[in-house]
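Enquirer: I would like the atomic coordinates for the input below:
(one chain, ligands or ions: 1)
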Amino acid sequence: MKSIRIGTRNSPLALWQAREVARKLQNKNFKTEIVPIISSGDKNLTQPLYTLGITGIFTKDLDIALLNDEIDIAVHSLKDVPTNLPKGIKMISVLERDFPQDVLVRNSRSKNIDLKDLKIATSSLRRRAFWLKEFPGTEFSDIRGNVQTRLKKLEEGVADATLFSLAGLKRMNLDIQYEFLPFMLSAPSQGVVGIAGHEDKTEINEILKNISDSQTEICTNIERTFLNTLEGGCTAPIGAFAEINDNNEVRFLGRISSLNGENTIETDEIFQYNSSDNFGEKLAQKVLNNGGKELMSIIKMSL
Ligand SMILES: NCc1[nH]cc(CCC(=O)O)c1CC(=O)O
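Expert: Here you go, the predicted structure:
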């Protein structure tokens, strides 16, 4: 068999994730080749992007490369993948989740400042809203770029501290101090590497199933269906985290919040999993019926 062409973005984190997928496939004796996709191949497509359902800013170029058959599979941070995928593209596998949490990282001058007094840099509506619920009145600024860029900006003084996905930090092997924040709740499918493929490539998709983690599949399906049912395309502050406990039950934590953190709805449930029940949708419906509908429309108006 020919080697499997693994498409990835060109950032250090994306390349790490692609290499991890390559390593797992090589362990199963498949040949692989990493194909960094630097810019979009729009020009080769005959239809406009929206008619193909291509929407995600992080995933667009890899979607196009998949549709153009420049790559066989695309490796993503699953949390950056829209819940509705373009025609023909399917999420085939997920790697086992390692570190789902958000953590706080301070610059060297802010080690002794109380949490409530920290000035925070983040461009995530979810992180901002959940932080504000705990510490109203916190000052925020935007920060963008990859992990390394953000750390540099932080040290330059854009703010006292920032919030990261621990999975991203660990993957970059950065030796920096971080703090867990019990009041945060991660983004749906945070910390999970997802592998997308083309639905016509049945042989490659069968191979990919070999490296998928079934518990992570169950949990991320619930989290992503929860998200999809709630938001209908807008980017609201929504957290969701499912895990399978020692009794083989699923524990699900979900939260939606107004942008300023003043109004939140939370859910914390433990249930026996079966594949026939659509838990993500049921959990979301429950939230919607408990005031979530009103809260979502307030959020949408303020975006
Ligand atoms: N939106 C950026 C992004 N997408 C995936 C990760 C890290 C890996 C992950 O959490 O899955 C990050 C960085 C961050 O949120 O700090």
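Enquirer: Would you mind measuring from the nearest residue to residue 8 once chain neighbours are set aside to the ligand?
Expert: Residue nearest to residue 8 in three dimensions, not counting chain neighbours: residue 18, with 3.6 Å by CB to CB, 6 or more residues apart in numbering. For every residue, glycine as well, the C-beta is placed using N, CA and C. Separation of residue 18 from the ligand (CB to the nearest ligand atom, to the nearest Å): 13 Å.
Enquirer: Enumerate the residues of the stretch 101-250 of the chain near the ligand.
Expert: The stretch 101-250 of the chain has residues 164, 165, 167, 168, 190, 191, 192 near the ligand, with proximity defined as CB under 6 Å from any ligand atom.
Enquirer: check which helix or strand covers the fifth one.
Expert: With secondary structure defined by DSSP states H and E, residue 190 is part of neither a helix nor a strand.
Enquirer: separation between it and residue 272?
Expert: Plainly put, residue 190 is 25 Å away from residue 272 if you go by CB to CB, to the nearest Å.
Enquirer: The two: which is more packed in?
Expert: residue 190 (26 against 9; other CB atoms under 10 Å).
Enquirer: just to revisit the earlier point, determine which two of the residues of the stretch 101-250 of the chain next to the ligand are furthest apart.
Expert: Spatial extent of those (CB to CB) is set by the pair 164 and 192 at 15.7 Å.
Enquirer: now the closest residue to the ligand within the stretch 201-303 of the chain, nearest residue through space, not along the chain?
Expert: In the stretch 201-303 of the chain, the residue found nearest to the ligand is residue 220; the distance is 10.6 Å by CB to the nearest ligand atom. Distance criterion CB to CB, 6+ apart; nearest residue to residue 220, sequence neighbours excluded, is residue 189 at 4.4 Å.
Enquirer: List the contacts of the one you found.
Expert: Counting by CB atoms under 8 Å, 6 or more residues apart in numbering, residue 189 makes contact with 78, 79, 81, 94, 220, 223, 224.
Enquirer: Thought residue 279 was touching the last one, still the case?
Expert: So the one you mean is residue 224. No. Using CB atoms under 8 Å, residue 224 is not in contact with residue 279; the gap is 11.5 Å.
Enquirer: The strand or helix carrying residue 33: partners in the sheet, and parallel or antiparallel?
Expert: According to DSSP H and E, residue 33 maps onto strand 32-36. Sheet pairing for strand 32-36, assigned by DSSP bridges, gives strand 4-8 (parallel).
Enquirer: Is the strand it pairs with in proximity to the ligand?
Expert: No. Strand 4-8 does not reach the ligand (CB under 6 Å from any ligand atom); its nearest approach is 12.9 Å.
Enquirer: ok, then the element right after that strand?
Expert: helix 12-27.
Enquirer: Can you give the contact residues for that next one?
Expert: Contacts for helix 12-27 (CB under 8 Å, 6+ apart): 4, 6-9, 32, 34, 36, 73, 75-77, 95, 146-148, 168, 171-172, 193, 195, 207, 211.
Enquirer: So for that helix, mean pLDDT?
Expert: The pLDDT scores in helix 12-27 average 97.
Enquirer: roughly how far is it from the heart of the chain?
Expert: Put simply, helix 12-27 sits 17 Å off its chain's centre (CA atoms, centre = their mean, to the nearest Å).
Enquirer: And for stretch 75-83?
Expert: Offset of stretch 75-83 from its chain centre (CA atoms, centre = their mean): 5 Å.
Enquirer: Likewise for stretch 120-134?
Expert: Centre to centre, stretch against its chain (CA atoms, centre = their mean), the figure for stretch 120-134 is 16 Å.
Enquirer: for stretch 150-157, same thing?
Expert: With CA atoms, centre = their mean, you get 23 Å for stretch 150-157.
Enquirer: Using CSV, list the CA coordinates for it.
Expert: Provided in CSV are the C-alpha atoms of stretch 150-157 (Å, rounded to 0.1, in the frame of the first residue of the first chain):
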residue,chain,number,x,y,z
ARG,A,150,1.4,34.1,23.4
LEU,A,151,4.0,33.4,26.0
LYS,A,152,6.3,36.0,24.5
LYS,A,153,3.5,38.6,24.4
LEU,A,154,2.8,37.8,28.1
GLU,A,155,6.4,38.3,29.1
GLU,A,156,6.4,41.6,27.2
GLY,A,157,3.6,42.8,29.4
